[in-house]
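Student: Show me the folded form of this:
(2 chains)
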Amino acid sequence: MKQTYLILIKDLQQEFKTRYAINAILLFAVVTLSAVSFAIGTYTAGIQVLAALFWVILFFSSMSGLSHIFIREEETQTADTLKLVARPVHIFLGKFIFNLLLLVALEVVLVPLFIAAMNFKITSFAIFAMTLLIGNFGLAGGGTMVAAIISKASAKGALFTVLAFPILLPVLISGISATKKATEETALLSAQNELQALLAYSVIIITASILLFDYVWNE
Amino acid sequence: MRLLAKKIVKRYEDHIVLRNINFDISAGEALAIIGSNGSGKTTLVKILANLIAPTRGTIAYQIDGKTVPREQIYQYIGLVGPYLQLYQELTARENLYFFARMRNLPDYKERVADLMETLGLKGREDDTVKAYSSGMQQRLKYAAALLHRPKVLLVDEPRSNLDEKGIETVYYLLREQKKQGILIVATNDTEDLQLVDQTLKVEQA
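Tutor: Residues are numbered from 1 along each chain as shown, chains lettered A, B, ... in the order given. Below is the predicted model of the structure:
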């Protein structure tokens, strides 16, 4: 685990110095939220629509930054340098945790802004927090793996979103449904099915990514 | 340490880059891979460094007759090449400390200080790599590759971007490497051949 930790710290050091991924992800979120807010205007959107809008903004904002972690290594020709000192599983885990932290930073900004701008009323913060927590693992797991796959291709940006969308669709569907429950119900158990689906997806995608990453990274 | 390459073939779709490459080299020996541009020198170096897989054939790193598992090869090799870059946003010290800690080296701070002094980079440790000239970056790549005293050092274009003093320093380090382990250089420069005792000519297949 020491290698995972060192790769994470290295990536955080690079990010603090360039602020590329965090700027991209936050600016995209704020601009999209503003556009949606202006578009809706005084119209009162239903709970289902608001939950869907929240996840659409979260999904596309994360798409603008999650791929950077591998694209940076390929574009600056440091991927091979990293291969010489680290095992693939540690590289994946280091990058996965970095993307997880990036998503948390995004949500710290996006959630209060969305609640304020869209008049989004949450009745169960427990369901909402659990949805985001587990959803983050799914988004970061799938996003990190797809980022590794597309980092060697040309037209990386467009390819990342196109490839990530079908893979991350279960997170979106379960996330929207659980977020809707967070505005209607108070008991955590009322969103049990959605949270279980999110958890199962996250476990599967992270396990599959760890098992397959060696092939993606070295081929 | 012994490095054996048997019947290495590398093919990209219909294009065969390397055809039937064989050699056997042991500690204390140095090999030069020579050949014209596009002949496959870099491809062979990358195969030896385990960065790409050969289409056919085997590479075996052996210690006391036992073959080192593929996933552990990285612990024994160092590589310097124009396609390997360091982290431009980080300082030279941050780069070298990162690589040293990744390799779990004890007393790595002293080793980094020694190498920085030997390579003429003392006093510039806290400059970011992007502030370095291309020659200084090349020296820093040698420091990164030699940190863990590799048993096999692979160098692609050893003199790349170096001035006369840099070449002198690097030649000294490469001769020291040859005394302790295996040295493999891929080069087009005949002056580099003074470092080696065997040559392997690769030709466009």
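Student: Could you check the pLDDT of residue 204?
Tutor: Assuming you mean chain A. Residue A:204 is assigned 96 on the pLDDT scale.
Student: My question was about chain B, not that one.
Tutor: Per-residue confidence at residue B:204 stands at 69 (pLDDT).
Student: What are the boundaries of the helices in chain B?
Tutor: B:41-48, B:92-102, B:108-118, B:134-146, B:164-180 (DSSP state H).
Student: Just send the ones you listed back as a markdown table, with mean pLDDT too.
Tutor: A markdown table is the format used below for the helices of chain B (pLDDT from 0 to 100):
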| stretch | mean pLDDT |
| --- | --- |
| helix B:41-48 | 94 |
| helix B:92-102 | 96 |
| helix B:108-118 | 94 |
| helix B:134-146 | 95 |
| helix B:164-180 | 92 |
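Student: looking at these, which is closest to chain A?
Tutor: helix B:92-102 (4.2 Å; C-beta to the nearest C-beta). (Glycine included, C-beta is placed from N, CA and C.)
Student: Other residues contacting that closest one?
Tutor: A:2-3, A:6-7, A:10, A:13, A:85-86, B:86-87, B:90, B:108-109, B:111-112, B:115-116, B:121, B:124-129, B:132, B:140, B:143-144, B:147-148 (C-beta atoms under 8 Å, 6 or more residues apart in numbering or on different chains).
Student: Name only those of those residues that count as buried.
Tutor: Buried by 16 or more other C-beta atoms under 10 Å in any protein chain shown: A:3, A:6-7, A:10, A:13, A:85-86, B:86-87, B:90, B:108, B:111-112, B:115-116, B:121, B:124-125, B:129, B:132, B:140, B:143-144, B:147-148, out of these.
Student: mind listing what residue B:163 touches?
Tutor: Residue B:163 sits next to residue B:135 when contact means C-beta under 8 Å, 6+ apart.
Student: what's around the residue nearest to residue A:68 when sequence neighbours are not counted, how many residues?
Tutor: Setting aside the residues directly before and after it, residue A:68 is nearest to residue A:21 in space (C-beta to C-beta, 6 or more residues apart in numbering or on different chains), at 4.3 Å. For residue A:21, the neighbour count with other C-beta atoms under 10 Å in any protein chain shown is 24.
Student: the longest helix in chain A is where?
Tutor: When chain A is parsed with DSSP H, its longest helix is helix A:88-118.
Student: so how far is that helix off the chain centroid?
Tutor: Counting by C-alpha atoms, centre = their mean, to the nearest Å, helix A:88-118 is centred 6 Å from the centre of its parent chain.
Student: next SSE after it?
Tutor: Using DSSP states H and E, the next helix or strand after helix A:88-118 towards the C-terminus is helix A:125-150.
Student: Same question for that following helix: list its buried residues.
Tutor: With burial defined by 16+ other C-beta under 10 Å, the residues of helix A:125-150 counted as buried are A:127-128, A:130-132, A:134-150.
Student: Do any residues in it lie close to chain B?
Tutor: No - figure legend: helix A:125-150 not in contact with chain B (C-beta under 8 Å from any C-beta of the partner chain); closest approach 15.7 Å.
Student: need the helices for chain A, in chain order.
Tutor: With DSSP H as the criterion, chain A has helices at A:2-18, A:20-40, A:47-63, A:68-75, A:79-83, A:88-118, A:125-150, A:156-184, A:192-218.
Student: helices or strands next to the longest one in the packing?
Tutor: Read that as helix A:88-118. helix A:2-18, helix A:20-40, helix A:47-63, helix A:68-75, helix A:125-150, helix A:192-218 (3 or more C-beta pairs under 8 Å, 6 or more residues apart in numbering or on different chains; DSSP states H and E).
Student: how about residue B:123, phi and psi?
Tutor: Taking degrees, to the nearest 10, you get phi 100, psi -10 for the backbone angles of residue B:123.
Student: what's the burial count for it?
Tutor: The tally of other residues near residue B:123 (other C-beta under 10 Å) stands at 9.
Student: pLDDT value on it, please?
Tutor: Here, the pLDDT recorded for residue B:123 equals 91.
Student: For the helices of chain B, give me CSV that also has distance to residue A:210.
Tutor: What follows is the helices of chain B, written out as CSV (distance: least, C-beta to C-beta, whole Å):
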stretch, distance to residue A:210
helix B:41-48, 25
helix B:92-102, 19
helix B:108-118, 29
helix B:134-146, 28
helix B:164-180, 36
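Student: wait, which of those is closest to residue A:188?
Tutor: helix B:92-102 (41.7 Å; C-beta to C-beta).
Student: which residues does residue A:145 contact?
Tutor: Contacts for residue A:145 (C-beta under 8 Å, 6+ apart) come out as A:92, A:167, A:205, A:208-209, A:212-213, A:216.
Student: Could I get the contacting residues of the most centrally placed residue in chain A?
Tutor: The centroid of chain A falls nearest to residue A:139 when counting by C-alpha atoms, centre = their mean (3.9 Å). Going by C-beta under 8 Å, 6+ apart, residue A:139 touches A:58-59, A:62, A:66, A:99, A:103, A:168, A:171.
Student: Most neighbours among these, which one is it?
Tutor: Neighbour tally across those (other C-beta under 10 Å): the maximum, 30 neighbours, falls on residue A:66.
Student: excluding its backbone neighbours, what's nearest that one?
Tutor: Excluding the flanking residues, the one nearest residue A:66 by C-beta to C-beta, 6+ apart is residue A:143, at 3.8 Å.
Student: The one you found against residue A:65, yeah?
Tutor: No - using C-beta atoms under 8 Å, residue A:143 is not in contact with residue A:65, being 9.1 Å away.
Student: hang on, residue A:130 packs against residue A:195?
Tutor: Yes - with contact defined as C-beta under 8 Å, residue A:130 reaches residue A:195; the gap is 5.6 Å.
Student: Show me whatever sits in contact with both of those two.
Tutor: Common neighbours of residue A:130 and residue A:195 are listed as residue A:178 (criterion: C-beta under 8 Å, 6+ apart).
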